[in-house]
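K.L.:
please work out how this folds:
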Amino acid sequence: MNINKIKKSIIALFIALTFAISNTNGAVVSDPVNANAETDTIKKELIKAKIFNRQGVYNKALMIYDGLKAVNPNNEEVWLGHIETLINLGDYELAFNNIEKLKRLSPNNLNVKRLEAQIYHKLGMHEKTFDIYENILADNRHDIGAWSDYAFSKLNTGNWADSLDYFMRILELDPENETAIKMSHEILKERRPNLKTKYNVYTQGLDDETVSFSAEYSRHLSVSTLLFVDYNHIVVDRAEEAGFDLTSIDETLDETVIRAQKEFNDKLAGQFGIGAYSGLNDGLSFIIGLGYKIGDNSMLEANYVNNKPWFDPLSAADEDGNFDKINISFNWSFFENWSLFVDLERMNYSIDEVNDYGDKRSFSGILSRKMVKRNGLIPDVYFSYSFYRSIFDYTKENERQVPLVKSSDRHAFTFNIENKITNKFSYTLAGSVNKDYARELEGWNVSPGLKVSLGKRYEITTQYNFASESSNFGGGDTETFTFGINSIF
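P.N.:
Residues are numbered from 1 along each chain as shown. Below you'll find the predicted structure:
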């Protein structure tokens, strides 16, 4: 016989004996003294079960609930505690079975509906919670908890307008509600007109340096249409004494892109943009893309970019390079804390003297897991494994003005830590180890970052990255320093 079943049977027998002792001499439960004794026993066992549940000792909590249900099968509080523990344990199938049983026992119990919605949240099936919250709010339009859960469900499906409306309803009922105040601000911060500026310095070895300044202005033209105006000023530089017969480079790029994103419905979205650049030759570029939402927790995207300026590696800038790129990506969140990202990409390169310089095909995949956050003192920690495979073919083997990696087969293990110290300060720390089997290279990188919030409208971010081995043809270590300001209007 299963050990857990034996333990549950023993606990059920123990609780039954406790009730029997409390009703000595054949006294009936209607006796106030014995009824109080039985109630006290249930309360004590419930408290023990809840403590075990909070501590994550779910099996012990379940044993107590099973014992209580065996002797008092109509106690709704026992049922609710049992279901909540099953949800925390991740046994959603058994939790659903118990919810259906409790619905028959108590059809109008609102807490049962909340627990059912909670399971759908855990499974990433947020749209299935909508009818549940509508039913709860139909009985009580002042249920702040239901409005809050409903707002988060809408936000998780991308419907930020409804989410903001529901948080504002909460503030009408409770003007001091901290969650509603915080989330309303977060939504407005993302959706109000904002300007993101960034200064970036990238160095490879002792000689190659790329310095860039970028500004991105965005604002909503309507609930479903978002406009972006991007500006980039980039300076690429290589000193004369670079060595290895490499020529000195000093080029400047100025680029402006206007693009719009449109949500056609809950599933389909698209973007279109047009840009102009000068410095590295002069030209026009355009961007077009589509995104399709598959269920509540996965997204399929396809994008095409035409005639973008090419300056990495630096030799491409010296040859007035540009490229076309098409990619298809799939992003999937599953099992609550897991995510998978895969991307197929094809790039075609051109330089000043060669319209079809070469073609690159690549595949990348990242499998990530978020470690469960136990309390506010422990930061969010993510671990991931990534794989990258690429092949580059020169159109003409004797044309090698821009040397590129012909084959890459890179595997990496990465960690990422994110933690908010106070309302104003948060930090990130990432690191990885990797190996490229095609190039027979091993490397590692580390990247600390800091974010500072100045009031409700400004954020300052700084980040540093060191990589021991570049993915470019020349190899060698690289350093990147980034400083950014996000302003909300």
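K.L.:
list the buried residues of stretch 363-370.
P.N.:
For stretch 363-370, the neighbour count (16 or more other CB atoms under 10 Å) marks Ser364, Ile366, Ser368, Lys370 as buried. The C-beta positions use only the backbone N, C-alpha and C, and glycine is treated the same way.
K.L.:
pLDDT value on the third one, please?
P.N.:
Just to be clear, that refers to Ser368. The per-residue pLDDT reported for Ser368 equals 96.
K.L.:
beta-bridge partners for the closest residue to Ser278 other than its chain neighbours, please?
P.N.:
Leaving out its chain neighbours, the residue that sits closest to Ser278 by CB to CB, 6 or more residues apart in numbering is Asp254, at 5.3 Å. Bridge pairing for Asp254 (DSSP bridges) gives the partners His233, Ser278.
K.L.:
and for Asp254, the neighbour number?
P.N.:
Residues near Asp254, counting by other CB atoms under 10 Å, number 15.
K.L.:
ok, Val446 next?
P.N.:
For Val446, the neighbour count with other CB under 10 Å is 13.
K.L.:
give the contact list for the residue nearest to Ser278.
P.N.:
By CB atoms under 8 Å, 6 or more residues apart in numbering, the residues touching Asp254 are Tyr231, Asn232, His233, Ile234, Tyr277, Ser278, Gly279.
K.L.:
I'd say the third one and Phe213 touch.
P.N.:
It refers to His233. Yes - the pair His233 and Phe213 passes the contact test of CB atoms under 8 Å, sitting 4.7 Å apart.
K.L.:
okay, now the unreliable bits of the stretch 251-400 of the chain?
P.N.:
Scanning the stretch 251-400 of the chain for pLDDT under 70 picks out the ranges 353-354, 372-377.
K.L.:
what segments of it are strands?
P.N.:
Secondary structure of the stretch 251-400 of the chain by DSSP state E, counting those that start in this stretch: the strands cover 268-278, 283-293, 298-310, 321-334, 338-350, 358-370, 380-394.
K.L.:
and the protein, split by domain according to the record?
P.N.:
3-156, 194-488 (automatic domain parsing).
K.L.:
is it possible to get TSV of these that adds distance to Glu172?
P.N.:
Listed next are the domains of the chain as TSV, based on distance: least, CB to CB, whole Å:
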stretch	distance to Glu172
domain 3-156	10
domain 194-488	20
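K.L.:
nearest to Met183, out of these?
P.N.:
domain 3-156 (6.9 Å; CB to CB).
K.L.:
tell me how far the closest one is from the chain's mean position?
P.N.:
Centroid displacement of domain 3-156 relative to its chain, using CA atoms, centre = their mean, to the nearest Å, is 31 Å.
K.L.:
what's the answer for stretch 276-295, then?
P.N.:
That offset, for stretch 276-295, works out to 24 Å (CA atoms, centre = their mean).
K.L.:
what's the end-to-end length of it?
P.N.:
Separation of the first and last residues of stretch 276-295 by CA to CA, to the nearest Å is 37 Å.
K.L.:
buried ones in stretch 162-180?
P.N.:
Asp162, Ser163, Leu164, Tyr166, Phe167, Arg169, Ile170, Asn177, Ala180.
K.L.:
and that stretch, how far out from the chain's middle?
P.N.:
Using CA atoms, centre = their mean, the offset of stretch 162-180 from its chain centre is 24 Å.
K.L.:
could I have the CA atoms of that stretch written out in PDB?
P.N.:
What follows is stretch 162-180, C-alpha atoms only, in PDB (Å, rounded to 0.1, in the frame of the first residue of the first chain):
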ATOM      1  CA  ASP A 162      -9.500  47.600 -19.900                       C
ATOM      2  CA  SER A 163      -6.800  46.800 -17.300                       C
ATOM      3  CA  LEU A 164      -6.300  50.500 -16.600                       C
ATOM      4  CA  ASP A 165     -10.000  51.000 -16.400                       C
ATOM      5  CA  TYR A 166     -10.400  48.300 -13.800                       C
ATOM      6  CA  PHE A 167      -7.500  49.600 -11.700                       C
ATOM      7  CA  MET A 168      -9.100  53.100 -11.800                       C
ATOM      8  CA  ARG A 169     -12.400  51.500 -10.600                       C
ATOM      9  CA  ILE A 170     -10.500  50.100  -7.600                       C
ATOM     10  CA  LEU A 171      -9.200  53.600  -6.800                       C
ATOM     11  CA  GLU A 172     -12.800  54.900  -6.900                       C
ATOM     12  CA  LEU A 173     -13.600  52.400  -4.200                       C
ATOM     13  CA  ASP A 174     -10.400  52.600  -2.300                       C
ATOM     14  CA  PRO A 175      -8.300  55.700  -3.200                       C
ATOM     15  CA  GLU A 176      -5.300  54.400  -1.100                       C
ATOM     16  CA  ASN A 177      -5.100  51.000  -2.700                       C
ATOM     17  CA  GLU A 178      -1.300  50.500  -3.200                       C
ATOM     18  CA  THR A 179      -1.600  47.800  -5.900                       C
ATOM     19  CA  ALA A 180      -4.000  49.900  -8.000                       C
END
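K.L.:
alright, calling it a day.
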